[in-house]
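>>> Turn this into a structure:
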Amino acid sequence: MKWSQAINDYKHYLQIERGLSSNSIENYGYDIKKLISYLEDHNIKTAPISIDNEIIKQFIYTISKSINPRSQARLISGLRNFFDYLVFENYRKDNPLDLIETPKIGRKLPDALSVEDIDLLINTIDLGYEYNTINLGERNRAIIETLYSCGLRVSELIELKISDLFFDEGFIKVTGKGNKQRFVPIGDSTQKYINIWKAIRNHIDVQPNSKDILFLNYKGKKLTRAMIFTIIKNLVEKSGLRKTVSPHTFRHSFATHLLQNGADLRAIQMMLGHESITTTEVYMHVDRSHLSDVLNKFHPRK
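So this is what the prediction gives:
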């Protein structure tokens, strides 16, 4: 069995059986390609399908010199999943990563912007900015408002469709990881900014494969993840805000501010689309004083 065939079969499995997004599948493939490059660079003649624990350990040791522990842990996890698949399909009898320990990296706590930071960024947007007569300033405001007010992942934002907007009911339909769908509440102000953009969007010559996509570039094509990062990076630089901000920062801020204002953790989990409540619980660190306020307000023996 050739590596190329094994990788193609594995990607097909990830897409069909596990329902992963194209970005997740690409990352898994990237991990495998790193291993293949290592074997080629070190002239290791062992058939890749028969690779053993010692070679894997040498590979991990070598690559650990150039990547941080978190990336190393993700790489090991990705390869372990791949070899689990090969064992499951009877291409080999064991997983060479079974005895490989994952680096202890601890839980990375999310960063969050303050409400004042959010206001600063939104107020910095040039609402008169046009390109090829298309007002992209209004689009950018709608993007930032949607990221923050709905807590979307960047992949969810760029895939958001006009047919996913249920403004009369006050919800949008979001397609998250594994193509799982959820309904997220959307406020009146964000609806207003999206409607302003939709009116502008009507004057764009939309490409056939983007007819239902909400956020487009001036050419009528769906925005890329990289473009969203660029919009935010330029906005942060213009605002003078001295913080590292990514699209995910707005999602973190969404959850953090809800928790600080007394929202139920289970409700936050549902809006974020977290499969496990333990993923949402990471936000419990953000404001310990808030927990004391909850105790004093609701406990009968305060």
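>>> Helices along the stretch 51-200 of the chain, start to end?
With DSSP state H, counting those that start in this stretch as the criterion, the stretch 51-200 of the chain has helices at 53-63, 69-88, 115-124, 136-150, 154-158, 188-201.
>>> looking at the ones you listed, which is closest to residue 174?
Closest approach to residue 174 among the helices of the stretch 51-200 of the chain (CB to CB): helix 154-158, 5.1 Å. C-beta: built from backbone N, CA, C; applies to glycine.
>>> Identify all contacting residues around that closest one.
21, 23, 143, 146-147, 174-176, 213, 215, 222-225, 228-229, 247-248, 273 (CB atoms under 8 Å, 6 or more residues apart in numbering).
>>> the domain parsing of this protein - what is it?
Under the assignment automatic domain parsing, the domains of the chain span 3-88, 115-295.
>>> Output the ones you listed as TSV; include the columns mean neighbour count.
Compiled in TSV, the domains of the chain are given as follows (neighbours: other CB atoms under 10 Å):
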stretch	mean neighbour count
domain 3-88	15
domain 115-295	16
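>>> taking the contacts of helix 154-158 one by one, which sit in strands?
Among those, the members falling in strands (DSSP state E) are 174-175.
>>> Dihedrals phi and psi, residue 220?
When read as degrees, to the nearest 10, the backbone of residue 220 gives phi 80, psi 20.
>>> any idea how far it lies from residue 44?
From residue 220 over to residue 44 the distance is 49 Å, taken as CB to CB, to the nearest Å.
>>> now swap in residue 10 and tell me
Using CB to CB, residue 10 is found at 21 Å from residue 44.
>>> Contact partners for residue 23?
Neighbour list for residue 23: 155, 225 [criterion: CB under 8 Å, 6+ apart].
>>> ok, residue 72 touching residue 103?
Yes. With contact defined as CB atoms under 8 Å, residue 72 reaches residue 103; the gap is 5.4 Å.
>>> ok, and the closest non-adjacent residue to the residue nearest the centre of the chain?
Nearest residue to the geometric centre of the chain (CA atoms, centre = their mean): residue 153, 4.7 Å. Distance criterion CB to CB, 6 or more residues apart in numbering; nearest residue to residue 153, sequence neighbours excluded, is residue 251 at 6.4 Å.
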